[in-house]
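S.K.: Turn this into a structure:
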Amino acid sequence: MADAIYWTSTAETHKGCFRDFRKGMKRMLENQKVVQYERKITPIERMFHRSPYSIVTLVARIKGNVTEDMLVKAVAKVQHRHPNLRVRIMDDNIHNPWFISQGAKEIQIEIVPRESDDDWIQVHQQASQIPFEFEARPAIRFILVQSPKVSELIILCHHIICDGMSLAYLARDIMELMLAEQRKVLSKLGVRFDRWFYESSLHKQKRIEGIIKELSKRGVTFEEEGALWFKSKELGDDKNRVLVREDGASTYFASDIAYHVDKFRRKYDLLINVWGTDHHGYVARLKAAVKFLGFPVEKLKIIIGQLVSLFRAGEPVKMSKRAGEMVTLEEVIDEIGVDATRFFFLMTSPDTHLDFDLELAKKHSSDNPVYYVQYAHARISSILREAEKSGHNIKKAVRTADLELLNDPEEIILIKKIVSFPDEILESARALLPHRLINYSRELSAQFHNFYHKLRVLSSDQDLTRSRLALVFATRIVLRNVLKLLGISAPESM
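M.R.: Numbering: from 1, shown residues only. Take a look at the predicted model:
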């Protein structure tokens, strides 16, 4: 069982309600037609209308990669649900203001590169001074202070359509929709998590406070400059690490410790973390914390992945974090397909940099490794179909074949490769290296293609034909099984 960790911060807001929100909050209206909406603004709402800076704000910190595309899609969905998120304000001929959806521009979404934990403060201060364009677009703005590891989502909403509590509900809706978008992309790729874990649950259950107290009780913390530190240097880390900052807020490291303690207490035999290359420095400190808390550190395996570089026909695909230019996983899947995406990502060891050529992944030739392997399966299927058309009963041929007739060097090499499959699975699992199965599938395909080009399967020698049909049939079984283990389809024809 695996966890997908989705980290969000909690936000304190005052009570209230969102106009047209209460009952519609959890309803999925995406499939319904958007209708034009208009109504006269109430006297109480007019009071807020006269105050252009009557703003309600919420800031949510998200750990993980949040893309502009994810946010845009989530905002579009909540806008579809709630009429006041798609209206502008216009006066009638006697100067009464109305909410009108017709002619309203899109909600403003801004992406700002994130350089430090405090960037959002200045971004928020500047954004709060910018008046809303009531006559042009909805009175709400979204700003994503973005980095690949941590981002802050700032939502500024005018009080004419929103108050504090309703904005918190709206933020929750946005988070759930972005998470749903991630799940959709993962599902498209054939990746499923049994459990999604929220950092907020650690805060609500006071797990982080408990772990910090436990570490302090064991004498592995100390106070310095108003912060609480963990003595990680004593167990191999390059320096000691902060658990609680000067302002009393716990660090991500403290949350990580609490999360792993939770996993150990769920009695797993083995804990496997897959981290990005920029998390290499976290390994020693986390293992130190696990060891100090009395858990078997040998049960925690951490795999550090390396970067992926995208190419087109040998030329690098230009991307820029600062400019917001990137290629999403969903775009890759849509362009080259699920099979090619999975194959290429699994093709190298996690500790090896991957050069991913999108044009190569689309080629229908032996240069494309996934095509080469799938074509081997399709070719075998074609041979077996032709054999059946010629009157051969494949199952009977497999049962009655004289395998001692398979003595040609190409046949012997192919047989040896087939019988090594169980050992290959075992070694791949032990070493946590699925790319070994990719290598095996390529080698088995190559051996089969060599066998096919040098020897005739269907011939006038019926005994030899049955023997070779049995070998071909066995090759297909193994090739299909290895592709199934990799989550890649085994086509019958191509």
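S.K.: Would you confirm that Leu270 contacts Lys301?
M.R.: Yes: using C-beta atoms under 8 Å, Leu270 is in contact with Lys301, at 6.5 Å. To be clear about C-beta, it is placed using only N, CA and C from the backbone, and glycine gets the same treatment.
S.K.: give me the low-pLDDT residue ranges for the protein?
M.R.: Residue ranges of the chain with pLDDT under 70: 1-36, 49-53, 320-325.
S.K.: switch the cut-off to 80
M.R.: Residue ranges of the chain with pLDDT under 80: 1-38, 42-53, 64-65, 81, 149, 162-166, 235-236, 319-326.
S.K.: quick check: domain ranges of it?
M.R.: Following automatic domain parsing, one gets these domains for the chain: 7-192, 205-304, 308-362, 369-485.
S.K.: for the ones you listed, which one sits closest to Ser493?
M.R.: Ser493 sits nearest to domain 369-485 of all the domains of the chain, at 5.3 Å, using C-beta to C-beta.
S.K.: List the buried residues for stretch 161-181?
M.R.: If you call a residue buried by 16 or more other C-beta atoms under 10 Å, then stretch 161-181 has these buried ones: 161-164, 166-171, 173-175, 177-179, 181.
S.K.: Export it to CSV, keeping only CA atoms.
M.R.: What follows is stretch 161-181, C-alpha atoms only, in CSV (Å, rounded to 0.1, in the frame of the first residue of the first chain):
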residue,chain,number,x,y,z
ILE,A,161,-19.5,38.6,-2.7
CYS,A,162,-17.7,36.9,0.1
ASP,A,163,-16.8,36.8,3.8
GLY,A,164,-14.2,35.0,5.8
MET,A,165,-15.8,31.6,6.4
SER,A,166,-17.1,31.3,2.9
LEU,A,167,-13.7,32.1,1.5
ALA,A,168,-12.3,29.3,3.5
TYR,A,169,-14.9,26.9,2.0
LEU,A,170,-14.0,28.3,-1.4
ALA,A,171,-10.3,27.6,-0.8
ARG,A,172,-11.1,24.1,0.3
ASP,A,173,-13.1,23.6,-2.9
ILE,A,174,-10.2,24.8,-5.0
MET,A,175,-7.8,22.5,-3.2
GLU,A,176,-10.1,19.5,-3.7
LEU,A,177,-10.5,20.3,-7.3
MET,A,178,-6.7,20.6,-7.9
LEU,A,179,-6.2,17.3,-6.0
ALA,A,180,-8.9,15.8,-8.2
GLU,A,181,-7.0,17.0,-11.3
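S.K.: Provide a list of residues in contact with the closest residue to Ser101 other than its chain neighbours.
M.R.: Excluding the flanking residues, the one nearest Ser101 by C-beta to C-beta, 6 or more residues apart in numbering is Tyr37, at 4.2 Å. Residues in contact with Tyr37, defined by C-beta atoms under 8 Å, 6 or more residues apart in numbering, are 83, 86-87, 99-101.
S.K.: Closest to Tyr282 out of these?
M.R.: Arg86 (42.9 Å).
S.K.: Now render the contacts of Tyr37 as a markdown table, adding distance to Gln126, neighbour count and secondary structure.
M.R.: Listed next are the contacts of Tyr37 as a markdown table, based on distance: C-beta to C-beta, whole Å; neighbours: other C-beta atoms under 10 Å; DSSP: H, G, I helix; E, B strand; the rest coil:
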| residue | distance to Gln126 | neighbour count | secondary structure |
| --- | --- | --- | --- |
| Pro83 | 29 | 22 | helix |
| Arg86 | 26 | 22 | helix |
| Val87 | 26 | 24 | coil |
| Phe99 | 28 | 23 | strand |
| Ile100 | 29 | 17 | strand |
| Ser101 | 29 | 18 | coil |
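S.K.: Which one of the residues you listed is nearest to Ala446?
M.R.: Nearest to Ala446 among those, with distances taken as C-beta to C-beta, is Arg86, at 57.3 Å.
S.K.: neighbours around the nearest residue to Arg192 once chain neighbours are set aside, how many?
M.R.: Spatially, and ignoring its direct neighbours in sequence, Arg192 is nearest to Leu186 (7.1 Å; C-beta to C-beta, 6+ apart). Other residues within reach of Leu186, judged by other C-beta atoms under 10 Å, total 15.
S.K.: So Leu186 versus Val472, what's the distance?
M.R.: Per C-beta to C-beta, to the nearest Å, Leu186 is found 36 Å from Val472.
S.K.: thought Thr221 was touching Ile211?
M.R.: No: applying C-beta under 8 Å, one finds Thr221 not in contact with Ile211, separated by 10.7 Å.
S.K.: which of those two has more neighbours?
M.R.: Set side by side, Thr221 and Ile211 show more neighbours around Ile211, with 24 against 19, by other C-beta under 10 Å.
S.K.: Check which helix or strand that one maps to.
M.R.: In the assignment (DSSP states H and E), Ile211 maps to helix 207-217.
S.K.: For the helix or strand following that helix, name the packing helices and strands.
M.R.: Per DSSP H and E, the first helix or strand lying C-terminal to helix 207-217 is strand 221-224. The contact analysis (3 or more C-beta pairs under 8 Å, 6 or more residues apart in numbering; DSSP states H and E) places strand 221-224 against strand 227-230.
S.K.: What segments of the stretch 1-150 of the chain are helices?
M.R.: Using DSSP state H, counting those that start in this stretch, the helices of the stretch 1-150 of the chain run over 43-49, 68-81, 119-128.
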